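Engineer: Kindly return the folded structure for what I paste below:
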Amino acid sequence: MSIADQFRVVPNFKLNEADANRKVLGASTGVRADDKQSDKLKTAELAENISKLQDVFAANHAPKLLVILQGMDTAGKDGTVKSVFGQLHPLAARTVAFKAPSVAERDHDFLWRIHKEVPGKGEIVIFNRSHYEDVLISKVHGWIDQAECERRFAQIRDFERMLIETGTIVLKFFLHISKDEQKQRLEERLADQDKHWKFDMQDLAERVHWEAYQQAYENALLATDTPLAPWYVIPADSKTQRNLAIATLVFEKLESLKLKFPPGNLEYGKLVVE
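Structural biologist: Numbering: from 1, shown residues only. Model (predicted):
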């Protein structure tokens, strides 16, 4: 079974039945990681290969790649960006972290601030949170009703279809962490002075709504999973296994494009040199 098949959302998917500590079986890469060190080594190798493929990707100046990272607080979105995408060249890659919308952003439709951040030709963009916040936190806190939520699901499907039809590859990862693991990570932030800056009282406030968020995520995953923009539910209790799974999926997607460096204008170059 391939990595993609292991973690792909399927019809009748139930989030509460998904194992947040499931191991990565790398049938497509011949790898089964059994310890943190081997996970890290393989992820570092994949990150380097992703960086090399980015050079070809950017040189072609045609495809675009949008990576969406969603997950509960402490699920590891920041850690994924650092471990998997940390070697990308910043001239052709960006990370966008979406916070609570500003007054100006709230004056527009919920996709307005998202659309202006999507990748251009030859660019890789990673969304740390995304337009999905507007069918998650908004629904959990009752800021929108079910009818509006369904409308937004449809608008998200149309938005992503438009991106894909205009040359954007969309990879969507839900970082699935268990409630017990989140508790442990929050406690670690309180216990370690060097991690105090990461602690936010709002994380505790949102944790109270854990079950509602799990249901909201399940609904969103099922409603917006499409053949061209599938969702992958990545077990995130293990940070190293999480990174390995995502790095493998991103690498395999870029490699499958079979891009080559475009030819240069050598005749013009000779004239310049002379």
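
Engineer: Is Phe174 in a helix, a strand, or coil?
Structural biologist: Three-state assignment for Phe174 (DSSP: H, G, I helix; E, B strand; the rest coil): strand.

Engineer: for it, which residues make a bridge with it?
Structural biologist: Phe174 forms beta bridges with Gln70, Val233, as assigned by DSSP bridges.

Engineer: thinking in terms of the whole chain, how far from its middle is the helix or strand harbouring Leu171?
Structural biologist: In the assignment (DSSP states H and E), Leu171 maps to strand 168-176. When C-alpha coordinates are averaged (CA atoms, centre = their mean, to the nearest Å), strand 168-176 and its chain have centres 4 Å apart.

Engineer: model confidence over that strand, on average?
Structural biologist: Strand 168-176 shows a mean pLDDT of 98.

Engineer: contact partners of that strand?
Structural biologist: 15, 18, 20, 63-72, 75-77, 80, 118-119, 160, 163-164, 217, 221, 224, 228-236, 242, 246, 249-250, 253 (CB atoms under 8 Å, 6 or more residues apart in numbering). C-betas here are computed from N, CA, C, even on glycine.

Engineer: moving C-terminal of that strand, what's the next helix or strand?
Structural biologist: Note on strand 168-176: by DSSP H and E, the next helix or strand toward the C-terminus is helix 179-191.

Engineer: Check which helices and strands that following helix sits against.
Structural biologist: Using 3 or more CB pairs under 8 Å, 6 or more residues apart in numbering; DSSP states H and E, the elements in contact with helix 179-191 are helix 201-207.

Engineer: buried residues in the helix it packs on?
Structural biologist: Using 16 or more other CB atoms under 10 Å as the test for burial, helix 201-207 gives Asp203, Glu206, Arg207.

Engineer: Strands of the stretch 1-150 of the chain, residue ranges please.
Structural biologist: 25-26, 31-32, 64-71, 93-97, 124-128 (DSSP state E, counting those that start in this stretch).

Engineer: before we move on, back to that, what angle separates the strand holding Leu171 from strand 124-128?
Structural biologist: If you take axes from the mean of the first three to the mean of the last three CA atoms, to 10 degrees, strand 168-176 sits at 30 degrees to strand 124-128.

Engineer: List the buried residues for stretch 118-137?
Structural biologist: Neighbour-count burial for stretch 118-137 flags 118-119, 122-137 (criterion: 16+ other CB under 10 Å).

Engineer: Kindly export it (C-alpha atoms) in CSV.
Structural biologist: C-alpha atoms of stretch 118-137 as CSV (Å, rounded to 0.1, in the frame of the first residue of the first chain):
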residue,chain,number,x,y,z
VAL,A,118,-2.0,31.5,-3.6
PRO,A,119,1.2,30.5,-5.5
GLY,A,120,2.2,32.1,-8.8
LYS,A,121,3.9,30.1,-11.6
GLY,A,122,6.9,28.2,-10.5
GLU,A,123,6.2,28.9,-6.8
ILE,A,124,5.6,26.7,-3.8
VAL,A,125,3.4,28.1,-1.1
ILE,A,126,2.7,26.5,2.3
PHE,A,127,-0.5,27.6,4.1
ASN,A,128,-0.1,27.3,7.9
ARG,A,129,-3.9,27.2,8.6
SER,A,130,-6.0,28.3,5.7
HIS,A,131,-9.5,29.1,4.3
TYR,A,132,-10.7,26.0,6.3
GLU,A,133,-10.6,28.0,9.5
ASP,A,134,-13.8,29.6,8.2
VAL,A,135,-15.7,26.3,8.3
LEU,A,136,-14.0,25.2,11.6
ILE,A,137,-13.7,27.8,14.3
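
Engineer: Relative to Arg161, how far out is Glu133?
Structural biologist: Distance of Glu133 to Arg161, given as CB to CB, to the nearest Å: 20 Å.

Engineer: make that Val250, sorry
Structural biologist: Computed with CB to CB, the distance linking Val250 and Arg161 is 21 Å.

Engineer: Repeat that for Leu91.
Structural biologist: To Arg161, Leu91 is 29 Å away according to CB to CB.

Engineer: More neighbours: which of the two?
Structural biologist: Remark: of Leu91 and Arg161, Arg161 carries more neighbours, 14 against 9, as counted by other CB atoms under 10 Å.

Engineer: list the contacts for the residue nearest the centre of the chain?
Structural biologist: In the chain, the residue lying closest to the centroid (CA atoms, centre = their mean) is Leu69, at 2.6 Å. Contact partners of Leu69, counting by CB under 8 Å, 6+ apart, are Lys77, Thr80, Val81, Ile126, Phe127, Asn128, Arg129, Ser130, Phe173, Leu175.
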